[in-house]
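1. Got a predicted structure here, sequence first:
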Amino acid sequence: MRGRDAALDGIRALAALGVWLLHVGSNTGVMYREGLLAWMMSRLGVAVPIFFLLSGLLLYRPWARAVIEDTPRPRTPRYLWRRVLRVMPLYWLVTGLTLWAWSSFDLTGWLTWMLLAQNHFPGDDTTPDGLYQMWTLPVEMSFYLLLPLIAWALHRWARCGNRPVRLLAGIGVLPLVSVVTVVVARVYDLPQLGTLLPYQLVFFACGMALAVLSVWIGHSRVVESLAPQLLVLAGLVYVLLSTELAGPRTLALPTLSQSLWRLCLEAAVAVLVVTPFALAPGSGALRDRVLGHPVTAYFGRISYGFFLWHVPVITLQLKLMGAQPFGGDPAGVAVVSFVVTTLLSVVSHHLVELPVLRLARTERAPDRPREAPPQVARVP
């Protein structure tokens with residue numbers, strides 16, 4: 001599975017749409033109404049664990065391949081440089097415009113947000129309008145920074161014995177960090193821990209485990225044959241996630257048992273959704289043709305911009321409408337915000353993301369040695 005995987009891009013597109021729909025529903029009050037549909041809308045935040053899982057899968061796979069197939073390991077400075085180029089330029093653009101429009105931060109506040117330190121140094125200020133979705137970016141960046149160290153430790157652990165099995169065993173320790181963090185957060189009333197990497201590490205670990213399996217077993221005919229059942233099971237688990245078992249749908253804090261249930265159910269949904277495409281790629285089945293369709297895959301490629309832009313767009317739209325909190329026309333907000341956000345995402349993808357990514361590829365590509373000129377025999 002080298003290069004881009006169109007179906008995984010399609011999953012990323014669906015996850016971005018899930019986050020957008022969640023925020024449309026929360027801002028217009030739809031998800032606080034009665035009924036199962038409102039509850040199911042309130043759990044669309046499971047899209048964030050899917051994003052985290054995809055990061056673990058795609059970023060750890062070169063390290064997993066290095067252990068299992070004895071290929072060269074990624075160079076840490078180059079890897080980190082590419083992560084910075086991938087995340088920060090567009091983040092700076094969107095965050096800078098939003099802070100300029102709706103915040104009263106001083107220089108310290110600006111630096112905190114522009115350096116992705118808002119989760120670690122929240123201060124006394126509330127989250128500025130239009131930026132409440134940005135809590136996920138410091139978590140992602142923390143994982144990016146820590147991944148080379150985790151990969152190094154797993155490499156040393158797995159180099160003796162059955163390497164894939166030992167890798168999976170080592171990765172299996174990481175979810176325990178999340179469980180311990182959830183317990184500490186609830187017992188000691190520290191909800192801010194939920195926006196830090198240790199709390200969310202289980203989702204990245206699931207992706208890392210899938211990365212090991214994708215290198216170890218490659219294309220699995222068993223997974224391919226069970227793919228429809230896995231996706232149906234994901235839907236059933238999502239319905240269970242949409243009950244009070246996983247906590248309230250408001251901003252009220254869940255209990256310890258509800259937090260643990262939610263963590264487990266969200267991880268299960270993410271794994272069940274991604275596994276058929278991570279371990280049975282390119283099978284030509286309908287699910288692959290739909291998610292891997294050029295339109296869906298393209299939306300997946302612009303999904304990062306869509307994720308960044310959609311909340312400022314919804315915020316601006318509601319301010320221009322003069323809507324009351326949890327008010328506004330849901331259909332109107334959905335249609336206008338989708339169109340405007342998509343247009344902004346396309347423009348920023350081609351004017352910001354692609355030029356920066358080309359720079360990253362240029363930095364990566366080594367100079368090819370020139371071929372020696374052919375020896376021409378002299379004519380006697």
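-> Alright, I've got the coordinates. Numbers count the residues shown, from 1 in each chain.

2. For the rest of this, base every contact and every neighbour count on C-alpha atoms.
-> Fine.

3. Can you spell out which helices and strands pack onto the helix or strand where residue 13 lies?
-> Element membership for residue 13, per DSSP states H and E: helix 6-28. Counting contacts by 3 or more C-alpha pairs under 8 Å, 6 or more residues apart in numbering; DSSP states H and E, helix 6-28 is packed against helix 36-42, helix 47-69, helix 256-278, helix 286-291, helix 294-301, helix 303-321, helix 330-348.

4. How far does the shortest one sit from its chain's centre?
-> On the basis of C-alpha atoms, centre = their mean, to the nearest Å, helix 286-291 is displaced by 21 Å from the centre of the chain it belongs to.

5. buried ones in it?
-> 287, 288, 289, 290, 291 (16 or more other C-alpha atoms under 10 Å).

6. possible to save the residues you listed as a markdown table with distance to residue 250?
-> Formatted as a markdown table, the buried residues of helix 286-291 follow (distance: C-alpha to C-alpha, whole Å):
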| residue | distance to residue 250 |
| --- | --- |
| 287 | 33 |
| 288 | 35 |
| 289 | 37 |
| 290 | 34 |
| 291 | 32 |
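
7. With residue 107 as the reference, measure out to residue 115.
-> According to C-alpha to C-alpha, to the nearest Å, residue 115 and residue 107 sit 12 Å apart.

8. likewise residue 16?
-> For residue 16, the distance to residue 107 - C-alpha to C-alpha - is 31 Å.

9. Please identify which of these two sits among more neighbours.
-> residue 16 (28 against 8; other C-alpha atoms under 10 Å).

10. Enumerate every residue touching that one.
-> 47, 303, 304, 306, 307 (C-alpha atoms under 8 Å, 6 or more residues apart in numbering).

11. So which of those residues wins on neighbours?
-> residue 306 (27 neighbours).

12. My guess is that one contacts residue 342. True?
-> Yes. In this structure, residue 306 is within contact of residue 342 by C-alpha atoms under 8 Å, at 6.3 Å.

13. ok, longest helix in this protein?
-> helix 76-102 (DSSP state H).

14. Could you point out which residue ranges in the stretch 151-300 of the chain have low pLDDT?
-> 281-286 (pLDDT under 70).

15. residues in contact with stretch 26-42?
-> So stretch 26-42 is contacted by 21-22, 25, 238-239, 242-243, 249-250, 325-330 (C-alpha under 8 Å, 6+ apart).

16. out of those, which are buried?
-> Using 16+ other C-alpha under 10 Å, the buried members of the contacts of stretch 26-42 are 21, 22, 25, 238, 239, 242, 243, 249, 326, 328, 329, 330.

17. how much space between residue 348 and residue 150?
-> 33 Å.

18. quick one, which of the two is more surrounded?
-> residue 348 (19 against 15).

19. The more buried one reaches residue 305, doesn't it?
-> Yes. With contact defined as C-alpha under 8 Å, residue 348 reaches residue 305; the gap is 7.0 Å.

20. Which neighbours do those two have in common?
-> residue 90.

21. coming back round to it: list just the nearest of the buried residues of helix 286-291 to residue 52.
-> Closest approach to residue 52 among these (C-alpha to C-alpha): residue 291, at 18.7 Å.

22. So which residue is dead centre in the chain?
-> Centroid-nearest residue in the chain, with C-alpha atoms, centre = their mean: residue 51, separated by 2.2 Å.

23. So that residue sits against residue 12, correct?
-> Yes. Between residue 51 and residue 12 there is a contact under C-alpha under 8 Å: 6.8 Å.

24. so who does the closest residue to residue 294 other than its chain neighbours touch?
-> Ranked by C-alpha to C-alpha, 6 or more residues apart in numbering and with sequence neighbours excluded, the top spatial neighbour of residue 294 is residue 6, at 7.7 Å. Listed by C-alpha under 8 Å, 6+ apart, the contact partners of residue 6 are 291, 292, 293, 294, 297.

25. What subset of those residues is buried?
-> 291, 292, 293, 297.

26. from these, which two are the most distant?
-> Greatest spacing in the buried ones among the contacts of residue 6, by C-alpha to C-alpha: 291 and 297 (6.7 Å).

27. Give me the common contacts of the two.
-> With C-alpha under 8 Å, 6+ apart as the test, residue 291 and residue 297 both reach 6, 7, 8, 9, 10.

28. which regions of the stretch 1-150 of the chain lie under the pLDDT threshold?
-> Ranges of the stretch 1-150 of the chain meeting pLDDT under 70: 1-3, 123-125.

29. Quick one: the strands in the stretch 101-250 of the chain, in order.
-> With DSSP state E, counting those that start in this stretch as the criterion, the stretch 101-250 of the chain has no strands.

30. what ranges do the helices span in it?
-> Secondary structure of the stretch 101-250 of the chain, counting by DSSP state H, counting those that start in this stretch: helices at 107-114, 136-158, 163-171, 174-187, 197-216, 221-241.
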